[in-house]
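Colleague: The sequence and its predicted three-dimensional model are supplied below.
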Amino acid sequence: MKPLFQTIGLGRLYSAVQNWLSELRSQAITLTLALIVVMTVLAVSVVFFAYRQVSQTLAESRDQELANVGAERVSEQMESLLRALLVLVDQPEMQTGDAAIQDLVIRERGRELLIDFTDRDGGIIVLDEQGIVKVTRPFRPDLINQDFSQEPYFHAVTESGSFTFSDIIQEPGTGQNVVVIAVPIIRPVNNEFVGAIAVRFYIDFQRLGQEVQKLKVGEQGVAYLVDRNGRLIYHPIDSLIGLDFSQREAVKQLQAGNREGAITSQAENGSSIVEGYAVVPITGWGLVIGEPWSQAVSPALTSLTPVAIILIIGLIVVASMVSLGVQRVTDPIQNLVTQTRQVAAGDYDAQVSLSRIKEIKELGTAFNEMVQQIGKYRAGIRQYVADITNSQEEERKRIARDLHDDTVQTLIAIGQRIELIKGFADNPVEVRSRLSDLRTMVTTAIASVRQFSRDLRPLTLEDLGLAAAMQYLTNQLEQNDGIEVTLEIQGEVADIPSDMEIAIYRILQEALNNVRKHAHATKVSVLARFTPRQIRLSIRDNGRGFDVPDDITDFTSNGNFGLMGLQERAQLFGGSIKIKSYPNQGTIMEMTVPRQPTLPQIKPATTPPANNATEPTASMMVDKMP
């Protein structure tokens, strides 16, 4: 990714963005906003789908209710026509079967029916008992004497003796699509069928759609009327009149016998539509009211706009609050980083200001204590190094003085005795006496040199091993100072690195020296446990004990460098020293080092100031005995 940005000249921008994203504040803001956005999207999605479901249910309920209302209105219109026809057929004149009288009755008593009909509409016809057209109003000479006996509505009234509402049929002769309301004419005296009167509506004229036109759902909603076969009796789009809509889901529900309901389905163009449907009473037709799904849920989409704006504002506010909150965390951390660099440069007086945040405050307090500890430790180290240096110089002076006062003087005396022996060459007895004295002097010089060697290098350790060397040290303390010493060694002592053996030997030697010089003890027990994983050395005395300070550097401030030296030797092999003591209750010193030590790796510092910062602090564990 970075080479691509560099190629297009945006390398600096990429580095800046990457650097910004690596900051704690940026990551906190990004993570918080990401979580908020995810939760917001999930919440909005749940709310939207829930609202969408509710909108769908409400839209279906509304469309179903409108369909019921529309079906009632169409039914009332049809019932009004039907009542007018029933009034006509109840007239005795209509039951005579005379076409002229029937025409007169229609013109005089059916004026209300005829008012709404024009030459473009179907009008009223009267059929005789054979199904022959005898009367037409408005007058239609082309239909007079036409045989309509095969029309399904004529068969229906003939067989049932009751009114009927037809589906869409083709009118004989003209071929036009019509819907017919037919009522039988029956003489009540003998219940004789004498013909039928029928009101015909040309569906292209759309007269039956007057009530349906008043039903509209929104700007894109439609309402249409279908017959029992699913063909359109009325539709707002004229070109669709008469088409078969039986494949529509709402029409299928009507044909399946459902009298009312609502359904959401797919239109032919793939869009979703919500449709309510109801059966028109009396007629058996069906009324369907539908609207596009987008119109049904448009209120939900519209209401989401202010919600989205509020959410965006809320995200900005949350981001600002998170930024301020994170800044309260990052500023102390940044200050801590600055102070850490000062400490790395050798400034051990650096202190961080404490934050009000509990965790950051604890971190700052721990840092300040660490810096103070490092400062005290380094001061103790400097004192310790100075003491070691002075001790080395004093030891050199002592060795030089002892060599000069003892060994050198002895050698000079030996040389002089040898010169004197030359003068007694003729006296063998005197020569033997002088040689005997000379041998004594040489033996004394050899013992002195050996003592120097033992002081400088533990020959017992090299010759006999660690266990024997430890026994030698305890024996020396018991023989020279009269202190009862017991030594117990557990485990396998072999296969210990030579430098670790020397360190253990020196630690035991220094610990026993401290007992001899300071403890005023009468008994000392030494327990050395050599396990496969670690080595533990415990020295317990019954001396006067002391108050153990909380910090190792307090030993050096009092001029006691021995314990610090013990700790330094143990740390070289990844170990530690633990001291437990209490006044008048003796002292326990325990050393623990791993059997296979991981010696510290010394790496060259990249910058000179870092040398001071990489030095570890002391890890001596100091406890007070209960």
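Modeller: Ah, there it is. Residues are numbered from 1 along each chain as shown.
Colleague: Dihedrals phi and psi, Arg529?
Modeller: Per-residue torsions, Arg529: phi -110, psi 120 (degrees, to the nearest 10).
Colleague: In which helix or strand does the closest residue to Ala468 other than its chain neighbours reside?
Modeller: The spatially closest residue to Ala468, leaving aside those adjacent along the chain, is Thr460, at 6.2 Å (C-beta to C-beta, 6 or more residues apart in numbering). Heads up, the C-betas are built off the backbone N, CA and C, glycines and all. Taking DSSP states H and E as the definition, one finds Thr460 inside helix 459-464.
Colleague: Dump that helix to PDB, restricted to CA.
Modeller: Provided in PDB are the C-alpha atoms of helix 459-464 (Å, rounded to 0.1, in the frame of the first residue of the first chain):
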ATOM      1  CA  LEU A 459      42.300 -23.500  46.200                       C
ATOM      2  CA  THR A 460      40.000 -25.800  48.200                       C
ATOM      3  CA  LEU A 461      37.200 -25.100  45.700                       C
ATOM      4  CA  GLU A 462      39.500 -25.900  42.700                       C
ATOM      5  CA  ASP A 463      41.100 -29.000  44.200                       C
ATOM      6  CA  LEU A 464      38.200 -30.600  46.100                       C
END
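Colleague: buried sites along it?
Modeller: Going by neighbour count (16 or more other C-beta atoms under 10 Å), the buried part of helix 459-464 is 460-461.
Colleague: cool, and stretch 362-379?
Modeller: 363-364, 367-368, 371, 373-378.
Colleague: would a markdown table of the residues you listed with pLDDT, secondary structure and distance to Val222 be doable?
Modeller: A markdown table is the format used below for these (pLDDT from 0 to 100; DSSP: H, G, I helix; E, B strand; the rest coil; distance: C-beta to C-beta, whole Å):
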| residue | pLDDT | secondary structure | distance to Val222 |
| --- | --- | --- | --- |
| Leu363 | 80 | helix | 71 |
| Gly364 | 78 | helix | 74 |
| Phe367 | 80 | helix | 76 |
| Asn368 | 81 | helix | 80 |
| Val371 | 80 | helix | 82 |
| Gln373 | 75 | helix | 86 |
| Ile374 | 76 | helix | 86 |
| Gly375 | 75 | helix | 89 |
| Lys376 | 73 | helix | 91 |
| Tyr377 | 70 | helix | 90 |
| Arg378 | 71 | helix | 91 |
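Colleague: Put together JSON lines for these, with distance to His235 on each row.
Modeller: Listed next are these as JSON lines, based on distance: C-beta to C-beta, whole Å:
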{"residue": "Leu363", "distance to His235": "78"}
{"residue": "Gly364", "distance to His235": "81"}
{"residue": "Phe367", "distance to His235": "83"}
{"residue": "Asn368", "distance to His235": "87"}
{"residue": "Val371", "distance to His235": "89"}
{"residue": "Gln373", "distance to His235": "93"}
{"residue": "Ile374", "distance to His235": "92"}
{"residue": "Gly375", "distance to His235": "95"}
{"residue": "Lys376", "distance to His235": "98"}
{"residue": "Tyr377", "distance to His235": "97"}
{"residue": "Arg378", "distance to His235": "98"}
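Colleague: quick one on the thing from earlier: just how off-centre is the helix or strand following the helix holding Thr460 within its chain?
Modeller: Following helix 459-464 in sequence order, the next helix or strand is helix 466-481 (DSSP H and E). Put simply, helix 466-481 sits 65 Å off its chain's centre (C-alpha atoms, centre = their mean, to the nearest Å).
Colleague: Sounds good, over and out.
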